[in-house]
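Peer 1: whatever this is, show me its structure:
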Amino acid sequence: MKIGKLAPCAWAAILLGAPASAGIEDGVEIRHQEDALYCAERRLGTWFYCEKPKPAPSPSPMPQQSSAKSQLAAITAQLEELKAAAILDPSSDNVTAYVRYQRAQLDRSSMFADVWQRALWQDPGLDYTLQRPVSTLGKRAWLDQRKADRDIILAQLSQRYGVFYFYSSSCGACDIFSPILKAVSDKYGLSVLAVSMDGGPTSVFPDYMVDSGQYERLGLGTQRQVPALVLFDSVTRRPMPIGYGILSQDEIVDRVFQLTQVEAGGDY
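Peer 2: Okay, here's the model as predicted:
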């Protein structure tokens, strides 16, 4: 049998005749265990297999950082708690604690509002007032430009669009509204087809027709509310209700412009 080189602890175990724990070294099985002379008395330690290696300590878990949402919720809860304590026991200490904490949150809110405003100044893509001004001077300039664009577009709409006007001869609101609609029609050349809901005439639109189901077919429902306006696209054959009741000239023109030229959400 070939004997390999033995570790010092194995030689010590053989020389002392002490039984050793199972192990293999260069093909030779050796038994060794803790020896009183070498381990206990001389305290030779790990080199003579007297001490088992200690496992490495597991790393302590890192404290989990609370999210911004939970921090904000905690601030709100603390504010409510201090407020409740000040109301139930309005001592000087309780009221002072609540006022101080509330003031700190107001300062935080003011800081947020200030940084918000500065961000809008420095990034035009974030500033909505550039699209829809809110100042008196800016709003007036925007409205004037919008009106000029609207009038140019409305003058061209008569080539494609027409208006169905539903009225009733016994409707007082229709008597007021008919001349308003006639003025818009004359100004922009918008074709108007008057439809009588009760068969009666109207002096403003003498070339009228009696309703025979057009009201429902154009999507105005079954309540038969008058006066009612429907814009009709002769290209797509699609009706677009404009509104009910008495409308001003600007309201009529603006609604026609919005329905035909402005994408939903484009002005907001």
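Peer 1: please count neighbours and contacts with C-alpha atoms only from this point.
Peer 2: OK.
Peer 1: show me the strands in the stretch 1-150 of the chain, by range?
Peer 2: 20-25, 28-32 (DSSP state E, counting those that start in this stretch).
Peer 1: and the longest helix anywhere in the chain, what does it pack against?
Peer 2: Longest helix of the chain, by residue count under DSSP state H: helix 92-122. The contact analysis (3 or more C-alpha pairs under 8 Å, 6 or more residues apart in numbering; DSSP states H and E) places helix 92-122 against helix 68-88.
Peer 1: list the buried ones in the helix it packs on?
Peer 2: Using 16 or more other C-alpha atoms under 10 Å as the test for burial, helix 68-88 gives 79, 82-83, 85-86.
Peer 1: I'd like the residues you listed laid out as CSV, including distance to Tyr161.
Peer 2: Shown next, in CSV, are the buried residues of helix 68-88 (distance: C-alpha to C-alpha, whole Å):
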residue, distance to Tyr161
Leu79, 60
Leu82, 64
Lys83, 62
Ala85, 67
Ala86, 67
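Peer 1: looking at those residues, spot the one nearest Ser185.
Peer 2: Ser185 has its nearest neighbour among those in Leu79, at 61.6 Å by C-alpha to C-alpha.
Peer 1: ok, Ile242 touching Leu229?
Peer 2: Yes. Look at Ile242 against Leu229 with C-alpha atoms under 8 Å: they come within range, at 5.4 Å.
Peer 1: which of these two has more residues huddled nearby?
Peer 2: More crowded of Ile242 and Leu229, by other C-alpha atoms under 10 Å: Leu229, with 24 against 21.
Peer 1: phi, psi of Val226?
Peer 2: The phi and psi values for Val226, taken as degrees, to the nearest 10, are phi -130, psi 160.
Peer 1: wait, doesn't it sit right on Gly245?
Peer 2: Yes. Using C-alpha under 8 Å, Val226 is in contact with Gly245, at 6.4 Å.
Peer 1: so for the two, which sits in the more crowded spot?
Peer 2: Neighbours per residue, other C-alpha under 10 Å: of Val226 and Gly245, the larger number sits with Val226, 20 against 14.
Peer 1: from Gly200, how far out is that one?
Peer 2: 13 Å (C-alpha to C-alpha, to the nearest Å).
Peer 1: give me the common contacts of the two.
Peer 2: Ser168 (C-alpha atoms under 8 Å, 6 or more residues apart in numbering).
Peer 1: re earlier: Ala148: which of the buried residues of helix 68-88 is nearest?
Peer 2: Leu79 (53.2 Å).
Peer 1: residues contacting that closest one?
Peer 2: Neighbours of Leu79 in contact, by C-alpha under 8 Å, 6+ apart: 98, 101-102.
Peer 1: which stretches of the stretch 1-150 of the chain have low pLDDT?
Peer 2: The model of the stretch 1-150 of the chain has pLDDT under 70 over residues 1-64.
Peer 1: so Leu193 belongs to a strand, correct?
Peer 2: Yes. Per DSSP: H, G, I helix; E, B strand; the rest coil, Leu193 lies within a strand segment.
Peer 1: A strand includes Leu247, no?
Peer 2: No. Remark: Leu247 does not belong to a strand; assigned using three-state DSSP, it is coil.
Peer 1: OK, contacts around it?
Peer 2: Applying C-alpha under 8 Å, 6+ apart, we find Leu247 in contact with 177, 180.
Peer 1: tell me the spacing between it and Asp254.
Peer 2: 11 Å.
Peer 1: quick check: neighbours shared by the two?
Peer 2: Here Leu247 and Asp254 have no joint contacts, going by C-alpha under 8 Å, 6+ apart.
Peer 1: much appreciated, bye for now.
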